[in-house]
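Q: Fold the following, please.
(chains A and B)
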There are 2 protein chains.
Amino acid sequence: MNHNYIIPNEWSIIEKGFNKDQVTASESLFSIGNGYMGQRANFEETYSGETLQGSYIGGIYYPDKTRVGWWKNGYPEYFAKVLNAPNWIGIAIRINQQELDLNTCQISDFYRELNMREGWLKRSFKATFNNGNTIAVQSIRFLSLSHKEVGTIQYQITPLNFSGTLQITPYIDGGIVNQDSNYDESFWEVLDIQHTTNAAYLVSKTLKTNFYVCTGMQNKWYIDHKEIHPQKEVVLSEKRIDFQYTLDVAEGKTLSLVKYASVVQSMNHPKESLPNVARKVLHNAINIGFNTLLEQQKADWAAIWETADIIIEGDLKAQQAIRFNIFQLNQTYTGEDSRLNIGPKGFTGEKYGGSTYWDTEAYCIPFYLSTKDKDVARNLLIYRYNQLDKAIENAEKLGFTNGAALYPMVTMNGEESHNEWEITFEEIHRNGAMVYAIYNYVNYTKDYQYIADYGMEVMIGVARFWEQRATFSEYKQLYVILGVTGPNEYENNVNNNWYTNYLAKWCLQYTLEQLKQLEQKHPEAHQQIIQKTGLTADELKQWNKVAHKMYFPHNEELSIYIQQDGFLDKEIIPVIRLPKKDRPINQKWSWDRILRSCYIKQADVLQGIYFFENQFSPENIERHFDFYEPLTVHESSLSPCIHSILASKINKPEKAYEMYLRTARLDLDDYNNEVAEGCHITSMAGTWLAIVQGFGGMRNFDNILSFNPSIPKEWVSYSFKINYRGHTLQVFKSHHKTEINNLSDTPVSLLIDGKKKILSPHSLLAV
Amino acid sequence: MNHNYIIPNEWSIIEKGFNKDQVTASESLFSIGNGYMGQRANFEETYSGETLQGSYIGGIYYPDKTRVGWWKNGYPEYFAKVLNAPNWIGIAIRINQQELDLNTCQISDFYRELNMREGWLKRSFKATFNNGNTIAVQSIRFLSLSHKEVGTIQYQITPLNFSGTLQITPYIDGGIVNQDSNYDESFWEVLDIQHTTNAAYLVSKTLKTNFYVCTGMQNKWYIDHKEIHPQKEVVLSEKRIDFQYTLDVAEGKTLSLVKYASVVQSMNHPKESLPNVARKVLHNAINIGFNTLLEQQKADWAAIWETADIIIEGDLKAQQAIRFNIFQLNQTYTGEDSRLNIGPKGFTGEKYGGSTYWDTEAYCIPFYLSTKDKDVARNLLIYRYNQLDKAIENAEKLGFTNGAALYPMVTMNGEESHNEWEITFEEIHRNGAMVYAIYNYVNYTKDYQYIADYGMEVMIGVARFWEQRATFSEYKQLYVILGVTGPNEYENNVNNNWYTNYLAKWCLQYTLEQLKQLEQKHPEAHQQIIQKTGLTADELKQWNKVAHKMYFPHNEELSIYIQQDGFLDKEIIPVIRLPKKDRPINQKWSWDRILRSCYIKQADVLQGIYFFENQFSPENIERHFDFYEPLTVHESSLSPCIHSILASKINKPEKAYEMYLRTARLDLDDYNNEVAEGCHITSMAGTWLAIVQGFGGMRNFDNILSFNPSIPKEWVSYSFKINYRGHTLQVFKSHHKTEINNLSDTPVSLLIDGKKKILSPHSLLAV
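A: A predicted model of the protein is given here:
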């Protein structure tokens, strides 16, 4: 398969020519979303070839019954799955009794464009039927950012060499399935189908979770832009409603259908009112009209790009890639709703069904912190706060007590949704990321109130977990943490993973510090929290003891921290000496061979050094980088970005650029031959980090924002903007200069290349 | 549920009174088998209550598609499963239109007996129907040892308070299922159903594996012992044939049906000839007749008991238990067929579907070695020899080369049938058990020819595996074995499991030694093997190096070997201090909690010390026992026996007896509330070992058999017999004396209580 078919363009993702082998990959790459819902780039018309149908609504899931070979105590009974929701895009086309199906017709001039600047998807092609009839087709669709419950499609057909009768059938279909269902169950029940003169409504409900969704459609018809009012026939089946229109269209005339859809659901409206709400949403959209909706869409995306854009000169593919990543992140999460989060595949696929991983805290929050209002990142934190009770329940299932909280590895509603013991039970470092994200947020925004209102309770739950999870080794006379899996999932059930131990110690200390601060700054809140959590002085003493007596595996001779106990017993052979036929090892090697090899899936010790970079000297960082990076296979999409950032830091520009390339076009060039299943949404934030924190050198230690920009020799220049405590700053870097532009109305202090500068309002600093 | 309902009896397993809750447990406990096939104690008549139907034919399996939550490279695609085979026992009974069903009739005087001395199962009861009709029923059935393809049932009905019409329908049913099917598939296809005037034959075939089975039946009828010839109606359905007989029986008369069944299959006969063979087998059985077959059965079992029996005086429950264990082992494997082996549940259940575990090599072979002709143990070794190619393939799948062999954890046909990575890929100590069994066999029998003919090839494959599996640690300057699971499966993916390292070193050294011996004693065989295996001098050098530089975790202060790297970092709290509510931990604790605890599932370091006891001083053994036993929860049925033997060795009689009790009546008293799924057949050999090697102190080091008998204070005396190099020896031990009786025609040298004695033929030595 051609993994490199996307045409470079600075603002659009473009595909030319129809290739059946690319259909599922393009369905992922050309996905659209508006935070509320998303839609893979499935064809509107019937397609009998290979396809992964996907219409997703944020927050709507199903607890699919867990299926494992060998049950382990503690496994969750269910796996919350993102659901394929009722199909609102469908338009079946028959011309002279022949179905328009790109799998069977002859297709030419196929063109597809996802316009990222303006937020719409266009597709055009010519199709020739067996009888020689040829039509030109163009469809444009988008999910409105202003009217999130609205999707619209403009679908145009022009008979090129005949005049004839077209049967065109827009429909809503509730008979949809998930491909990854464990027991081939249906997840939806269709409750009601209503239709009026012009509109149709399908009410469905998820089984077990009882989410109600009403999907409405209404259609407008035009010939050469002149509205017409064709007759229709209504075809009703158990789970689907078709509006069947039969129209005569003359050669060269363009028939245009605008299908308006509304998708409303019971998380936002009383379930009884859904058809009514769907009707109102639909009417409103029709009143606004397709063209005005599209204009609004362009304006809304322009506003997003105003702060989020990164401009790269001199490298068109890099430009396209970074915008693709920023675009997808903004399509996936828009930040108003703290019940939603960022699934690893966003709205582009159903894999990794559960919505939330530690990816959100470790990678996505910094992106949203810098490119959005602080409330967006705050809502992501609130999501976890709201799930604290479930995290405490989760810890209780594993034998912890006294309000210790263990956040799940994968979750939709706060309950654990994963079932590999070495991950579910042992990859506990995720719990530290919850506290790190709070620290990150407060450090960046100075919104200390968050800790008083929400953060402290989470921190106490997590600290209690670490205290109980550490074991005092009589042998070492230190606290050890046994039986864990670090970020490097190519090691399972190890003892004293350095990253985990370091994060645990830091969590305990940070929580103790913040408790003290809280007592001083917000004594009432402090008192309330102490009361609510039943925190005792003895506990604090014990936290302090565990933090101070934490064990860290270290090798004197190499002067580095060791990834975990026993790591140096392994045969240490750099990745560069691995035969190509053995790569990627997760496809070529058996699991035990991977486990006993020295190869690292993704940053582990280096992830910790990245998080706490200010606690390590550059030489120390370099020593660790030089030891671990050569052993790292980067078989997680979250790996290269961290290495790129650290390589920039320790002045290894070539390594930084090499790592940047591996992260930036991961999906567009489909490195791992898996984009058909969906895009790697959360790792896209890592690409942004690799530019802003990597090349741009942005840091936020010691209460001052700093930049230390460098530029890859392959680029002419780059620039990005960030929000920082109410200021908008623009950083421009070329080989000749660095410019920092304070676009806001107040002065801001910064460290530029290590020197403190004060930028006046609306002033530009060039160095 | 009552776990203690089996009535103590020295030769029989007896149940009195009908309790629906006990049905599935009794189905396991009262199972019958003859090595060729087996049958759970399912009722002949219809039973609408809870039941696990099980008719099993040795060697017939189905590769059920593996079902796991998360696939790991290297997992086998299929899991070979023991199959529930066509039902030959079924007899449906209707009296005046009412079905005889113990779940709906009123039952009294229910009595069930498994006579172990004679090898038959009897059941009798009275059943009262809704209309008040009462019948007395008695059935006797057995699977013939002399005619292994034959099963017979004598089924008697006596109307007690009425005269009436009985509709009695013996049938064969091929429409059977496995309860543990992964995809609810049917594993059998019924190909043909034939019937003649008197007999019926059902030919079926397993899907995928294409085993053909023909099941035949023919029935004889008697009233008060006088043969009658009732008319029948044949009812044919797609997968079943019924012979429906309608008979008038007067009050007080006994109607007797003898159902003869033949079960023949394509492992032993050409598949085309199966109906013909089934017919011949059936005719032969009928010609011999039920009573004579039963007399033969008694004689055959008498011969087995002649060498295998253990007599315990003064403890009826212990007597019953040890006979039950010996009986079940003899029902499961009789030793003629090297294609068969000993499944953990034998013919008593379908769980742990694959047939062969390392249990065979570590526990069962010593039992068969001492109680049977040496060919029986030899056939068990040949089984593995015949699967060497598959073991080499299996190792190749995991990345090993050059003829390295890794025997599967669970297998039926030589292919791996298990799919937990920490077991399948990592519990590699099993590979050492293959060589240990060869050593054990040769050491006991002096059949050195076995090594020349078969053993050496297996040893070379295994040695190659260990050499490749060991890693040279630059750090330790020694060879380590990383990422393993030891016999203690409550530790996963550990480094340097002492038992595994020790066994690996021993395998390498033993193979080197035996290669030298072979070169001297059988130079031609040696030459042939070198040629066949391509063994080089460099390899031998490397084996020697790995063996000599093997690392063993050890603690100086405690002066013990450490179970694995890092074990002493754990919180060491003896089992005795575990709250009762937490036991068994495998039901009460999450898996990660078990893993990071110090608790040991079954002997691990002690298993190694048991295998190589002559390499450790008694003080050293005691030190290890005192450290590890208190941390052992014995949640494997294979654990207490090893501890009992070692406790006897180091003169801890109370501990030895405590451990003996936990192994002996595991199933009869259903300690783990799981006997309904089947009996723990392989661990039954451990009970035998606990008496013969434990209390009896039998050892076979330095080419001389030794005994060092002791006796639990709870017993009056015990005695057992063993075969040893053509001698039959009987050991009797009471509190007053030890007697060794040489029952054979040649003298034998023994060590008794450490003193060398020569026993003349047919002489008794009392000490």
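
Q: Alpha carbons only: can I get the longest helix belonging to chain A in CSV?
A: Taking DSSP state H as the criterion, chain A has its longest helix at helix A:498-521. Only the C-alpha atoms of helix A:498-521 are listed here, as CSV (Å, rounded to 0.1, in the frame of the first residue of the first chain):
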residue,chain,number,x,y,z
TRP,A,498,13.0,4.7,38.6
TYR,A,499,10.3,6.9,36.9
THR,A,500,7.6,5.5,39.1
ASN,A,501,9.6,5.8,42.3
TYR,A,502,10.6,9.4,41.4
LEU,A,503,7.1,10.4,40.6
ALA,A,504,5.8,8.8,43.8
LYS,A,505,8.3,10.6,45.9
TRP,A,506,7.5,13.9,44.1
CYS,A,507,3.8,13.4,44.5
LEU,A,508,4.2,12.9,48.3
GLN,A,509,6.4,15.9,48.6
TYR,A,510,4.4,18.2,46.4
THR,A,511,1.2,17.2,48.2
LEU,A,512,2.9,18.0,51.6
GLU,A,513,4.1,21.4,50.3
GLN,A,514,0.7,22.3,48.8
LEU,A,515,-1.0,21.3,52.0
LYS,A,516,1.2,23.7,53.9
GLN,A,517,0.5,26.5,51.4
LEU,A,518,-3.1,25.8,51.5
GLU,A,519,-3.1,26.0,55.3
GLN,A,520,-1.5,29.4,55.0
LYS,A,521,-3.4,30.8,52.0
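
Q: quick one: low-confidence parts of the stretch 501-650 of chain A?
A: Applying pLDDT under 70 to the stretch 501-650 of chain A flags no residue at all.

Q: residue boundaries of the helices in it?
A: Under the criterion DSSP state H, counting those that start in this stretch, the stretch 501-650 of chain A contains helices at A:523-533, A:537-548, A:585-588, A:591-596, A:605-611, A:618-628, A:639-649.

Q: Chain B: which of these is closest?
A: Checking these against chain B by C-beta to the nearest C-beta gives helix A:591-596 as the closest, at 3.5 Å. Backbone N, C-alpha and C define where each C-beta goes, glycine included.

Q: Now do that closest one: everything it contacts.
A: Residues outside helix A:591-596 that contact it (C-beta atoms under 8 Å, 6 or more residues apart in numbering or on different chains): A:490-492, A:570, A:585-586, B:72-74, B:398-399, B:421, B:425-426, B:471, B:482-483, B:493.

Q: Repeat that for stretch A:689-700.
A: A:310, A:322, A:363, A:366-367, A:370, A:443-444, A:613-614, A:640-641, A:644-645, A:647-649, A:656, A:659-660, A:663-664, A:705-712, A:718, A:720, A:722, A:731, A:733.

Q: on that earlier part again, which one of the helices of the stretch 501-650 of chain A is the most hemmed in?
A: Mean neighbour count (mean count of other C-beta atoms under 10 Å in any protein chain shown) peaks for helix A:639-649 among these, with a mean of 27.

Q: then it to PDB, C-alphas only?
A: Output in PDB follows, covering the C-alpha atoms of helix A:639-649 (Å, rounded to 0.1, in the frame of the first residue of the first chain):
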ATOM      1  CA  SER A 639       8.100   8.500  22.500                       C
ATOM      2  CA  PRO A 640       9.800  10.600  19.800                       C
ATOM      3  CA  CYS A 641       8.400  13.900  20.900                       C
ATOM      4  CA  ILE A 642      10.000  13.600  24.400                       C
ATOM      5  CA  HIS A 643      13.300  12.600  22.900                       C
ATOM      6  CA  SER A 644      13.100  15.500  20.500                       C
ATOM      7  CA  ILE A 645      12.500  18.000  23.300                       C
ATOM      8  CA  LEU A 646      15.400  16.600  25.400                       C
ATOM      9  CA  ALA A 647      17.700  16.500  22.300                       C
ATOM     10  CA  SER A 648      17.000  20.200  21.700                       C
ATOM     11  CA  LYS A 649      17.800  20.900  25.300                       C
END
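
Q: Residues touching that helix, excluding its own?
A: Taking C-beta under 8 Å, 6+ apart as the rule, helix A:639-649 contacts A:363, A:601-603, A:606-607, A:609-610, A:613, A:618, A:621, A:625, A:629, A:632, A:634, A:653, A:655-657, A:659-660, A:662-663, A:683, A:686-687, A:689-690, A:693-695, A:697, A:710.

Q: go on, stretch A:271-288?
A: By C-beta under 8 Å, 6+ apart, the list of residues contacting stretch A:271-288 reads A:144, A:147, A:149-150, A:152, A:192, A:194, A:199, A:201, A:203, A:212-218, A:220, A:260-266, A:269, A:293, A:296.

Q: These in helices, which ones?
A: Among those, the members falling in helices (DSSP H) are A:Leu293, A:Gln296.

Q: quick one on the thing from earlier: okay, the helices of the stretch 501-650 of chain A in CSV with distance to B:Asp224 next?
A: Shown next, in CSV, are the helices of the stretch 501-650 of chain A (distance: least, C-beta to C-beta, whole Å):
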stretch, distance to B:Asp224
helix A:523-533, 83
helix A:537-548, 83
helix A:585-588, 74
helix A:591-596, 68
helix A:605-611, 86
helix A:618-628, 88
helix A:639-649, 85
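
Q: and A:Ile193, how far is that from A:Phe400?
A: 49 Å (C-beta to C-beta, to the nearest Å).

Q: Just name whatever secondary elements the least confident helix or strand in chain A by mean pLDDT is in contact with.
A: The weakest-scoring helix or strand in chain A, judged by mean pLDDT, DSSP states H and E, is strand A:78-82 (a mean of 82). For strand A:78-82, the packing partners by 3 or more C-beta pairs under 8 Å, 6 or more residues apart in numbering or on different chains; DSSP states H and E come out as strand A:61-65.

Q: partner residues bridging A:Tyr212?
A: Note on A:Tyr212: beta-bridge partners by DSSP bridges are A:Lys205.

Q: should've said A:Pro159
A: Residues in beta-bridge contact with A:Pro159 (DSSP bridges): A:Ile135.

Q: Tell me who's in contact with it.
A: So A:Pro159 contacts A:Ile95, A:Asn133, A:Thr134, A:Ile135, A:Leu166, A:Val249, A:Ala250, A:Glu251, A:Gly252, A:Lys253 (C-beta under 8 Å, 6+ apart).

Q: Spell out which helix or strand contains the residue lying closest to the first one once chain neighbours are set aside, please.
A: I take that to be A:Ile95. With sequence-adjacent residues excluded and distances taken as C-beta to C-beta, 6 or more residues apart in numbering or on different chains, A:Ile95 is closest to A:Leu166, at 5.4 Å. If you go by DSSP states H and E, A:Leu166 is part of strand A:164-173.

Q: now swap in A:Ile241 and tell me
A: Secondary structure assigned from DSSP H and E places A:Ile241 in strand A:240-249.

Q: Strand partners (parallel or antiparallel) of that strand?
A: Sheet partners assigned to strand A:240-249 using DSSP bridges are listed as strand A:164-173 (antiparallel), strand A:232-237 (antiparallel).

Q: ranges for the strands of the stretch 551-700 of chain A?
A: Listed in chain order, the strands of the stretch 551-700 of chain A (DSSP state E, counting those that start in this stretch) span residues A:554-555, A:560-561.

Q: Just name the most buried of the ones you listed.
A: Ranked by mean neighbour count, these are led by strand A:560-561 with a mean of 22 (mean count of other C-beta under 10 Å).

Q: buried residues in the one helix or strand A:Leu282 maps to?
A: Counting by DSSP H and E, the element that carries A:Leu282 is helix A:274-288. Within helix A:274-288, the residues that count as buried by 16 or more other C-beta atoms under 10 Å in any protein chain shown are A:Leu274, A:Pro275, A:Val277, A:Ala278, A:Arg279, A:Val281, A:Leu282, A:His283, A:Ala285, A:Ile286, A:Ile288.
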